[in-house]
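**Q** Here is a sequence with its predicted model. Questions after.
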Amino acid sequence: MTNKVTIYIDDLPYQVPDDINLLQACLSLNIDVPYFCWHPAMGSVGACRQCAVMQFQNEEDIRGRLVMSCMTPVTEGMRISFKNEKAHTFRQTNIEAIMTNHPHDCPVCEEGGDCHLQDMTLLSGHIKRRYPGTKRTHNNQYLGPFLNHEMNRCIGCYRCIRFYRDYCGGKDLNVFSSKNNIYFGRAESGNLENEFSGNLAEVCPTGVFTDKPFSKHYIRKWDLQSSPSICTHCSVGCNIYTTERGGIIRKINNRFNDDINGHFLCDRGRFGYQHINHENKLTQVWSRDHQSQKTHILDDNQAHIQLTQWLHEPDAKIFGIGSSRSSIENNAALHKLVGKNNFYAGMPANEINQLTLLINTYESNQINLLSLKDIEQADTVLLVGEDITQTAPRVALSIRQMTKNAGINKAAKFGIKPWQDEALRNITQDTKSPLIIINTHDTQLADVAKQNLNLTPNKQLELLLEIETYLSDDTSHCSELAVAIASDLLNANSPAVITGTHSFDIALLSACLRISAILKILKPNSGFYCASSAVNTLGLSLLCEPEQDLNHLIQNISSNPPSLLIIMETDLYRYFSDKKISNYLDKIKHIVVIEQIITDTVTMADLVLPATSFSEQNSTWINNEGTAQHAYGVMPPNDMRQTPYKWLAQHNSLSDDHKLYLYVQSLDSLLQPLSQFESINKSDFPIARQSLRSSARTAFFANIDVKEYAPKCDEETNLTYSMEGVSAFRQKTLDDSHHKITTPVTGVWSPKWNSNQAINKTPLEDNNNSNLALKIFNTSSTMPFEIPSAGIEKRSLSTITVCPQHHIYINDELASYSSGIQELAPKPLIYINKKQAENLSILPSENLTVISDDYQFTLPCKINNTIADNVVLVPFKEFIRLGKNVQVSSSNKVGEYNE
Amino acid sequence: MNREENNFPTHPLTRFITDNENCWQLNQYQSLGGYDGLKQALTVSGPAVLDEIKESNLRGRGGAGFPTGLKWSFVPQGDDAPHPKYMIVNADEMEPGAFKDRMLLEKTPHQIIEGLIIGGYTLDADIGYIFIRGDYYTAIKHIEIALKECYDNNLLGKNILGSGFNFEIHIHTSAGRYICGEETALINSLEGKRANPRAKPPFPQVAGLWGKPTIVNNVETYCNLPHIINFGSAWFKSLGRFKDSGTKIFGVSGKVKMPGLWELPMGTPIGEIIQNYAGGMCDGYKLKGYLPGGGSTDFLLEKHFDTPMDYDEIGKQRSRMGTGTIIILDDKYCPVAMVLNLVKFFAQESCGWCTPCRDGLPWAAVLLEKIEQGKGELADIQQLEDLCKFAAPGNTFCALAPGAVEPLQSALNFFREDFEQHIEQQSCPYCDIKHAEDKYDK
């Protein structure tokens, strides 16, 4: 709860919260104070001097004093003037000075039309360039596949390095030289290493850093069609805007969501969309003739006839495999078609068991579920068994911000507010809130962690059990380490336990849940967060019965073979050895695959139904903390593609949305509220996906014809594929307006503010897209559940443990189709520490073979001395295919891939 | 502190500079009364010393003239104060025209060290730094030897002179950037960061080096401390001829008969320094104007000769005492060229953090160059005046740019005809005369 104070701007009184700076106050009141270096997430430093306003001591003071509004706290009774002539002249001269070296190359600059510098130039009233000298120029650098670099356009606002270094902890971007020759770049050309580098395109107010993949299919902002969506490349559920033109997805922009992603996305989410434009995407219905083994294209009718035939064969036994990267609606439709006993989750048993444990615990209300915003405001984090920078990257960025809280509290004692970024960092120095990481090796958060405890999974579990014991009874005898960690958690006001399912170790998960349950009793503000594998893993798990997973499906092939297997958006070859899957699929009479892009599973299908990507369908996704979020498609489906639930609608009698959502609700009581998503599509106002052009004419079809084609119709929602409707990029109106309209916002644009900074024009608390998101775990209802204790006795005592190693550019299936992501994906290697190499009598880059039932592989090894002893890290894609009885051998024979 | 007033010095700062080439060493310094001030200070409490310094009205000698006692009173004291506390000597003398600290650093390093230890004792500080410009290599050598002499003689380290007070001093040589003379930029530089200034609040006294209480003062300021303690604040106040207390090292450079440095009472009239001590203008040259306090102060003219060198009095004349080192502009040297030289220097030394300095100063330099090359227009003069207003105090992040435009704005005021002549003639009239003379001399 913040207090309000009264301030006078140009002699009019306004009520504003007392914890913001004057610049924020003015912007929220629709007063267009220009600025560059301030950023809502990064606070104020007072470098650019653009936000100057005149401050007066009292009503008699007519001279006043120029102050920088971003550096000025709001105080009761303060008097300032925005319109004051001296202040106006100063702002004009300031932006003129800022641009003395600017090339003014808007016509050829990608930022044009989406440019904060353009907006501020118009706002400050500067129109005439008087500087008669030559402009300084710079050489540009190659910074990797995601960002362009054009340093001549730099205005020296320092935002890029403040974001990259201070906010994200990146090390390889910095400012060089001095005076008006300052240069922002790397020590030498090369890929930017930080996982959040793509945000520089949005953080940079000019065209120095721009979106490189976007440049390859560039179009101006006003020619884009845009709609609000959810990123589908990990389980966090960041909010995005998808933009499209001509059937091609052009760019992903951040969509502000205070609880989840805030202002920033990770690079996987931002640049992983190219599977939608990929040449291998499926756009036609394919059918394979069993006799001739030839494939041919079917039309819509033929496809449905074929499907009906197989569905209604005598003695038909129909199984369906649901997908953790497909929406709730799609999974529900398949579930209805095959029935609950025949619906299998497209996940291995290990994963579904972990998810079931999580859901039961969540429903029992024994722990608090945290959002990413909650994590940022925690004051101690215990991160267990998860290299979260690789598996759910945006969470890592929030954890990093958490570590700054001790410093913020320290600075508060000096009267320094959290938004006074520069002063804050000078006082904070090395003070950090504790982050304790228990893992097999150092992660990217190692530099801000109080402790990096690199242990084998068995030792990790031992430590967690000790912590649990100490938390329950602080007189018990525990190791110093366990006591220290437990004490850190107990000294905190809001401690958080964060983990994930990616170590595939349910005992560790159990231990974390039990610790969180104890903490909730001792510390009501404590919380828990678990990262799962895909965008809808939690959602899919709600639809599954026990033992309805891929392992059981394949095991039971002899005892329970289906006649028709419908595989939706799952590539079985990711989870098991090729031989195993091919053997399994060979035994099935009819295989139908509903998929977006050609995968190995698709090549085994008898009938392929092309599915839409997330950008061509309306969908609901449930993220890690149980927030169900609705996403809108941005373009009508290409060619023959259809949303999976539409393919199945003819066959499962869920012929319209209403019936579909009724069925969804029936699947689990937790899904009751989802009916809300049905009704938001029926509101009174059409909403435009395109920006308004005064001529009402567009260039959308200029590549085809001169005349304006009729826009396609969006049957399911009230969003239009045109500029007709509530202005596409409209922000909500002021609080006291009579005409407040609550609509999904399709982009960021505000009168006079064309760039994404327009987001700052409304109070942030108004910017909740609450009609697009709701929490499914209701704290008022409680289902009793005992979290099983993880017994250390039942574990294998082998000397070497093989563990999975994840990577941001490897883990996600669909993101890996993007060329930039492929470029940055590391080569598959096995990592061990030096001692382990000696034990195995192996030199770096020599081969190691990992053998298991059903699958083995051989890869060269590399040394990483942060890895715990007796741990061998193997690429996640190989690890997941391993069966039981895993062994590691360093015979220098070349092993065989079990292909 | 009741002492006999008989043999109190009139020139406390320079009395240690004798003909002996080893005058800077410990034994010479002590034989002339060095470290008596420290010994006196150690007999009373830190707060008592602080009171004496406040009473003396000592003002900082680095250019800003802020009352030293008041500055020090903001440092948190007592058992709960954060530690370590830092005392820093700003020996990064790079103001154009200033060379007074160099003399003190080379010839009286112990005087500075004694002042620094006294300062540390007063504020219960733990560590001292001497941040010295890397180019002053003779001074650095002398200071390093002086520090060793101190450690060897229980003047530094643990339990100084048996008092129980611990203090250590480190010397840090800078890479030579003007902005490091700004106290918060100096602190950033010491921390190993980029030498950008910091926003205030928080003030360094409360959170400075490594977030701890820090005092940064000029070399000459520290030099006064031993004498204030030794001879008392009443004596110190009596030395001044006007309102400000003590003596100051004044300097004059330019076409005068005897350029150099003199220790004179505060409040000595400007004209006296230039005519009596510097011997007046060289034969054949007339005084056109002067910068009374170094390259970032406003011009004054002969008509201001009666003004005492007193911080407030110079301020009333719309200039600043600054470092007290006077730069003379004679009548044969082009004022436009002089101002251009200064503006180019400041533009080069800009750290690049804030817009008016980083982008405004080079713009002014381009315009001045244009005028000097005979390509100027009348609008350029207006533009230069606008740029001076643009870089005014309060508009920028630190005081570099406001100082940089002080010579420019006063030159446009006092020497406007010179600027206009450049523009009307489309050439520099001073260069024309010089070319003519050179031709004549051949």
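**A** All right, it came through fine.
**Q** where does the chain dip in pLDDT?
**A** In the absence of a named chain, this looks at chain A. Applying pLDDT under 70 to chain A flags the ranges A:1, A:679-684, A:728-743, A:762-771, A:779, A:793-794, A:891-899.
**Q** Wait, chain B was what I had in mind.
**A** Applying pLDDT under 70 to chain B flags the ranges B:1-6, B:441-442.
**Q** Give me the domain ranges for it.
**A** B:12-239, B:247-330, B:335-440 (automatic domain parsing).
**Q** Could you dump those into a markdown table with mean neighbour count added?
**A** (C-beta placed from N, C-alpha, C; glycine too.) Formatted as a markdown table, the domains of chain B follow (neighbours: other CB atoms under 10 Å in any protein chain shown):
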| stretch | mean neighbour count |
| --- | --- |
| domain B:12-239 | 20 |
| domain B:247-330 | 20 |
| domain B:335-440 | 20 |
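**Q** Mind putting the ones you listed into TSV with distance to A:Arg65?
**A** Formatted as TSV, the domains of chain B follow (distance: least, CB to CB, whole Å):
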stretch	distance to A:Arg65
domain B:12-239	16
domain B:247-330	18
domain B:335-440	6
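**Q** Could you find the closest non-adjacent residue to the residue nearest the centre of chain B?
**A** Geometric centre of chain B, nearest residue: B:Gly62, 3.3 Å, by CA atoms, centre = their mean. Closest residue in space to B:Gly62, ignoring its immediate chain neighbours: B:Asn218 at 3.3 Å, by CB to CB, 6 or more residues apart in numbering or on different chains.
**Q** wait, that neighbour sits on B:Gly60?
**A** Yes - here B:Asn218 reaches B:Gly60: they are 5.9 Å apart, a contact under CB atoms under 8 Å.
**Q** Excluding residues flanking it in the chain, which one is nearest B:Ile326?
**A** B:Val252 is the one closest to B:Ile326 (CB to CB, 6+ apart), at 4.7 Å.
**Q** just to revisit the earlier point, now the residue nearest to B:Gly62: how far from chain A?
**A** 22 Å (CB to the nearest CB, to the nearest Å).
**Q** mind pulling up the phi and psi values for that residue?
**A** Here is the backbone geometry of B:Asn218 (degrees, to the nearest 10): phi -70, psi 160.
**Q** For B:Phe131, see how far away it is.
**A** Counting by CB to CB, to the nearest Å, the gap from B:Asn218 to B:Phe131 is 11 Å.
**Q** Could you do A:Thr361 as well?
**A** 58 Å.
**Q** I'd like to know which residues of the stretch 301-450 of chain A are adjacent to chain B.
**A** Residues of the stretch 301-450 of chain A lying near chain B by CB under 8 Å from any CB of the partner chain: A:414-416, A:420, A:422-423, A:426-429.
**Q** Buried ones only from these, please, as a ChimeraX command.
**A** The following ChimeraX line selects those of those that are buried, judged by 16 or more other CB atoms under 10 Å in any protein chain shown:
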select /A:414,416,420,422,423,426,427,428
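**Q** can I get the residues of the stretch 301-450 of chain A next to chain B in CSV with distance to B:Leu261 and secondary structure?
**A** Shown next, in CSV, are these (distance: CB to CB, whole Å; DSSP: H, G, I helix; E, B strand; the rest coil):
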residue, distance to B:Leu261, secondary structure
A:Phe414, 41, coil
A:Gly415, 43, coil
A:Ile416, 42, coil
A:Gln420, 43, coil
A:Glu422, 39, helix
A:Ala423, 39, helix
A:Asn426, 37, helix
A:Ile427, 40, helix
A:Thr428, 43, helix
A:Gln429, 40, coil
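**Q** Can you redo the residues of the stretch 301-450 of chain A next to chain B as JSON lines, where the extra columns are distance to B:Gly157?
**A** Putting these into JSON lines (distance: CB to CB, whole Å) gives the following:
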{"residue": "A:Phe414", "distance to B:Gly157": "32"}
{"residue": "A:Gly415", "distance to B:Gly157": "37"}
{"residue": "A:Ile416", "distance to B:Gly157": "36"}
{"residue": "A:Gln420", "distance to B:Gly157": "39"}
{"residue": "A:Glu422", "distance to B:Gly157": "36"}
{"residue": "A:Ala423", "distance to B:Gly157": "35"}
{"residue": "A:Asn426", "distance to B:Gly157": "30"}
{"residue": "A:Ile427", "distance to B:Gly157": "30"}
{"residue": "A:Thr428", "distance to B:Gly157": "32"}
{"residue": "A:Gln429", "distance to B:Gly157": "27"}
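**Q** farthest pair in the residues of the stretch 301-450 of chain A next to chain B?
**A** Using CB to CB, the two most remote members of those are A:Gly415 and A:Gln429, lying 17.5 Å apart.
**Q** Which stretches in the stretch 151-300 of chain B count as helices?
**A** Using DSSP state H, counting those that start in this stretch, the helices of the stretch 151-300 of chain B run over B:183-190, B:219-231, B:233-239, B:270-272.
**Q** Dump these to TSV, plus distance to A:Glu110.
**A** Converted to TSV, the helices of the stretch 151-300 of chain B look like this (distance: least, CB to CB, whole Å):
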stretch	distance to A:Glu110
helix B:183-190	35
helix B:219-231	53
helix B:233-239	66
helix B:270-272	59
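**Q** For A:Leu829, find the nearest of these.
**A** Using CB to CB, the nearest of those to A:Leu829 is helix B:183-190, at 41.3 Å.
**Q** Could you grab the helix/strand/coil label for residue 90?
**A** You didn't pick a chain, so chain A it is. When classified by DSSP: H, G, I helix; E, B strand; the rest coil, A:Phe90 comes out as helix.
**Q** Actually, chain B is the one I wanted.
**A** Secondary structure for B:Asn90, judged by three-state DSSP, is strand.
**Q** Can you tell me how far it is from chain A?
**A** Taking CB to the nearest CB, one finds B:Asn90 at 18 Å from chain A.
**Q** could you pull out the strands for chain B?
**A** For chain B, the strands defined by DSSP state E cover B:86-91, B:127-133, B:168-174, B:214-218, B:247-253, B:260-265, B:287-291, B:325-330.
**Q** let me fix that: the stretch 51-200 of chain A
**A** Assigned by DSSP state E, counting those that start in this stretch, the strands in the stretch 51-200 of chain A fall at A:52-56, A:65-68, A:79-81, A:147-149, A:174-176, A:183-185.
**Q** Report the strands that pair with the first one, each with its relative direction.
**A** The one in question is strand A:52-56. strand A:65-68 (antiparallel), strand A:79-81 (antiparallel) (DSSP bridges).
**Q** what does that strand rub up against?
**A** A:22, A:26, A:33, A:62, A:64-69, A:72, A:78-82, A:84, A:86-87, A:90-91, A:94, B:395 (CB atoms under 8 Å, 6 or more residues apart in numbering or on different chains).
**Q** C-alpha coordinates for whatever helix or strand A:Tyr241 lives in, CSV please?
**A** Element membership for A:Tyr241 (DSSP states H and E) is strand A:239-245. C-alpha atoms of strand A:239-245 as CSV (Å, rounded to 0.1, in the frame of the first residue of the first chain):
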residue,chain,number,x,y,z
ASN,A,239,3.4,-12.8,-22.6
ILE,A,240,4.2,-11.7,-26.1
TYR,A,241,2.8,-9.9,-29.1
THR,A,242,3.1,-11.9,-32.3
THR,A,243,3.4,-9.8,-35.4
GLU,A,244,2.7,-10.9,-38.9
ARG,A,245,2.4,-9.8,-42.5
